[in-house]
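A.B. asks: got a sequence here, can you build the structure:
(one chain, ligands or ions: 1)
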Amino acid sequence: MLLRHTPKEVAERKALTINPAKTCQPIGAMYAALGIHGCLPHSHGSQGCCAYHRSALTRHYKEPVSAATSSFTEGASVFGGQANLLQAIENIFTVYEPDVIAVHTTCLSETIGDDLKQIADKAQKEGKIPAGKHVIGASTPSYVGSHVTGFSAMVKSMVAAFSEKTGKKNGKVNIIPGWVEPADMEEIKRLATLVGVEHILFPDTSGVLNGPLSGEYKMFPDGGTTVADLKATGDAMGTLALGELCSGDAARLLDSQCKVPCKVLDMPFGLRATDRFVDALRILAGVTVPDEVALERGQLVDLISDMHQYFYHKKVALVGDPDQLVSMVEFLVTLDMLPVHVVTGTPGKAFERRIKELTAGLPCEVNVRAGGDMFLLHQWIKNEPVDLLIGNTYCKYMARDEDIPFVRWGFPILDRQGHQYFPTVGYKGGLRLLEKILGVLLDRKDRDDPEQTFELVL
Ligand code: SF4
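C.D. replies: Model prediction:
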């Protein structure tokens with residue numbers, strides 16, 4: 001009963017977060033940077049920040065995450081970290097030989113006011129950046145935003161640093177996947193290939209954070225979007241940005257910088273969002289949807305209809321990142337479930353409006369909060385109990401205290417494996433989501449059913 005002190009009465013809090021539903025901006029920037037081939041993320045701040053950010057990613061992805069740090073001590077904290085970063089850039093290119101160093105700031109370096117662009121320019125002038133190598137940077141103070149905005153800032157900086165317009169279109173479509181699992185990025189590429197769309201996906205952590213155990217250590221794994229592909233994004237026919245918060249800014253910058261038109265879509269979780277993604281791909285490629293994709297869709301529809309009796313009007317509480325929650329809530333509504341409590345730690349009123357729109361026709365009140373925390377979600381659950389909880393690993397305390405069936409989904413998942421290998425996007429991913437949800441609901445039924453209704457066949 002770890003959260004037994006959570007009271008039922010909800011009191012408005014302005015200056016206190018309890019059990020946050022988000023984490024540091026730099027974690028998102030680091031995850032995005034790992035999606036560039038041959039890139040070493042660099043944390044411009046103290047060693048403690050870098051150690052925390054690396055371990056957060058390592059614990060979720062179960063892969064070693066390498067990143068460098070400017071190692072601020074008292075001197076840098078007072079006078080600024082320029083000297084540390086210049087030294088770091090020289091050392092990193094000499095010792096580790098990455099193609100790209102992706103620098104993100106931290107609370108400390110932002111508070112001092114270090115200017116990453118000015119420091120990178122100085123490094124260039126002083127010959128510390130070898131020919132053909134690159135230093136990019138994103139501003140990611142953690143006292144604003146969340147890991148989601150940090151991810152978005154680093155993806156935008158990729159466009160600013162690399163995208164080039166040569167004047168000759170390359171016939172490809174840029175896909176910005178947003179913060180999804182490496183397996184999801186693989187699945188998005190597979191769907192695009194099936195529909196017949198030549199694409200550049202960036203960032204791309206597949207093959208980086210879900211690579212094979214080969215017995216050989218590679219400082220820079222085989223996966224990731226290459227610098228050549230990042231440059232070529234400026235010559236693409238168009239951009240599909242998946243998730244407004246994660247990918248919208250980068251897509252719009254690409255539009256204004258290189259005149260590549262963009263469309264911002266929801267992340268393709270669930271039936272309808274995947275339909276919209278496939279439809280956008282189909283229109284770009286000028287083709288009809290191939291039979292193979294239609295078959296996958298039909299299988300998802302079949303499973304939904306088979307399982308519908310167990311889903312109907314089950315109440316669900318969700319916590320996670322905004323782009324993911326928007327699509328998941330839509331999916332749950334499609335299944336005739338009732339998402340009654342929805343919390344994200346990332347601020348933004350547009351999220352609350354979107355969830356209200358998606359749930360407008362439901363026969364129940366829906367609580368939604370952007371910039372909320374898990375304490376609030378727990379209080380809402382105490383007032384209006386639910387049949388299912390969906391969220392990251394931290395939800396396990398709530399699930400145990402309130403005895404609620406629990407599906408782990410989102411970031412971080414620290415106590416289970418497999419999320420980096422099994423996609424939940426697309427039609428195939430929809431099958432996996434349904435299986436996970438139905439599994440916990442029927443396990444609960446089996447646990448609670450009296451002997452006379454304890455059935456072999458369900
Ligand atoms: S909140 Fe700021 S100081 Fe703390 S780990 Fe994150 S970046 Fe570092």
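A.B. asks: ok, now which ones touch the closest residue to residue 68 other than its chain neighbours?
C.D. replies: Leaving aside its chain neighbours, residue 68 sits nearest to residue 42 (4.6 Å; criterion: C-beta to C-beta, 6 or more residues apart in numbering). All C-beta spots, glycine's among them, are computed from the backbone N, C-alpha and C. Residue 42 sits next to 67-70, 85, 88, 92, 101-104 when contact means C-beta atoms under 8 Å, 6 or more residues apart in numbering.
A.B. asks: just send these back as TSV, with neighbour count, distance to the ligand and pLDDT too.
C.D. replies: As requested, the contacts of residue 42 are arranged in TSV below (neighbours: other C-beta atoms under 10 Å; distance: C-beta to the nearest ligand atom, whole Å; pLDDT from 0 to 100):
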residue	neighbour count	distance to the ligand	pLDDT
67	19	13	97
68	20	15	98
69	21	11	98
70	30	12	97
85	27	16	98
88	22	17	98
92	18	20	98
101	25	18	98
102	27	15	98
103	30	13	98
104	34	9	98
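A.B. asks: how about these in JSON lines, adding secondary structure?
C.D. replies: Shown next, in JSON lines, are the contacts of residue 42 (DSSP: H, G, I helix; E, B strand; the rest coil):
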{"residue": "67", "secondary structure": "coil"}
{"residue": "68", "secondary structure": "strand"}
{"residue": "69", "secondary structure": "strand"}
{"residue": "70", "secondary structure": "coil"}
{"residue": "85", "secondary structure": "helix"}
{"residue": "88", "secondary structure": "helix"}
{"residue": "92", "secondary structure": "helix"}
{"residue": "101", "secondary structure": "strand"}
{"residue": "102", "secondary structure": "strand"}
{"residue": "103", "secondary structure": "strand"}
{"residue": "104", "secondary structure": "strand"}
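A.B. asks: then residue 398 would be within a helix, right?
C.D. replies: Yes - judged by three-state DSSP, residue 398 forms part of a helix.
A.B. asks: grab the nearest non-local neighbour of residue 292.
C.D. replies: residue 194 (5.6 Å).
A.B. asks: number of nearby residues for that neighbour?
C.D. replies: 17 (other C-beta atoms under 10 Å).
A.B. asks: now it: how far from residue 282?
C.D. replies: Between residue 194 and residue 282 the computed distance is 11 Å (C-beta to C-beta, to the nearest Å).
A.B. asks: returning to what we had before: OK, contacts around the residue nearest to residue 292?
C.D. replies: Per C-beta under 8 Å, 6+ apart, neighbours of residue 194: 290, 292-293.
A.B. asks: which sections of this protein are below the confidence cut-off?
C.D. replies: Filtered on pLDDT under 70, the chain yields the residue ranges 1-2.
A.B. asks: how about a cut-off of 90?
C.D. replies: Applying pLDDT under 90 to the chain flags the ranges 1-5, 12, 14-15, 77-79, 211, 217, 284-287, 458.
A.B. asks: got the residues of it near the ligand?
C.D. replies: 24, 26, 45, 49, 52, 106-107, 142 (C-beta under 6 Å from any ligand atom).
A.B. asks: do that again at 8 Å, thanks
C.D. replies: 23-27, 45-46, 48-49, 52-53, 106-108, 140-143 (C-beta under 8 Å from any ligand atom).
A.B. asks: what's the distance between the spatially most central residue of the chain and residue 214?
C.D. replies: Centroid check for the chain by C-alpha atoms, centre = their mean gives residue 179 as the closest residue, at 2.1 Å. Note on residue 179: its distance to residue 214, by C-beta to C-beta, is 27 Å.
A.B. asks: and for residue 148?
C.D. replies: For residue 148, the distance to residue 214 (C-beta to C-beta) stands at 32 Å.
A.B. asks: ok, these two, which is more surrounded?
C.D. replies: The neighbour comparison of residue 148 against residue 214 (other C-beta under 10 Å) goes to residue 148, with 29 against 7.
A.B. asks: what's the strand or helix carrying that one packed up against?
C.D. replies: In this structure, residue 148 sits in helix 147-162 according to DSSP states H and E. Judged by 3 or more C-beta pairs under 8 Å, 6 or more residues apart in numbering; DSSP states H and E, helix 147-162 is in contact with helix 25-33, strand 100-105, strand 134-138, helix 227-232, helix 244-258.
A.B. asks: pick out the residue in the stretch 201-350 of the chain sitting closest to the ligand.
C.D. replies: In the stretch 201-350 of the chain, the residue found nearest to the ligand is residue 345; the distance is 12.9 Å by C-beta to the nearest ligand atom.
A.B. asks: just list the residues touching that residue, thanks.
C.D. replies: Contacts of residue 345 by C-beta under 8 Å, 6+ apart are 17, 20-22, 146, 319, 371-373.
A.B. asks: who wins for neighbours among those residues?
C.D. replies: Ranked by neighbour count (other C-beta under 10 Å), the contacts of residue 345 have residue 319 at the top, with 29 neighbours.
A.B. asks: chain center to stretch 171-186: distance?
C.D. replies: 11 Å (C-alpha atoms, centre = their mean, to the nearest Å).
A.B. asks: buried residues in that stretch?
C.D. replies: For stretch 171-186, a neighbour-count test (16 or more other C-beta atoms under 10 Å) marks 172-186 as buried.
A.B. asks: which one of those residues is nearest the ligand?
C.D. replies: The closest of the buried residues of stretch 171-186 to the ligand turns out to be residue 179 (C-beta to the nearest ligand atom; 16.9 Å).
A.B. asks: now do the same for that closest one: helix, strand or coil?
C.D. replies: coil.
A.B. asks: show me where the protein has strands.
C.D. replies: All strands of the chain, identified by DSSP state E, fall at 39-44, 68-69, 100-105, 134-138, 173-176, 199-201, 238-242, 262-265, 315-320, 338-344, 367-370, 388-391, 406-408.
A.B. asks: quick one, which of those strands gets closest to residue 458.
C.D. replies: strand 388-391 (16.8 Å; C-beta to C-beta).
A.B. asks: many thanks, we can stop here.
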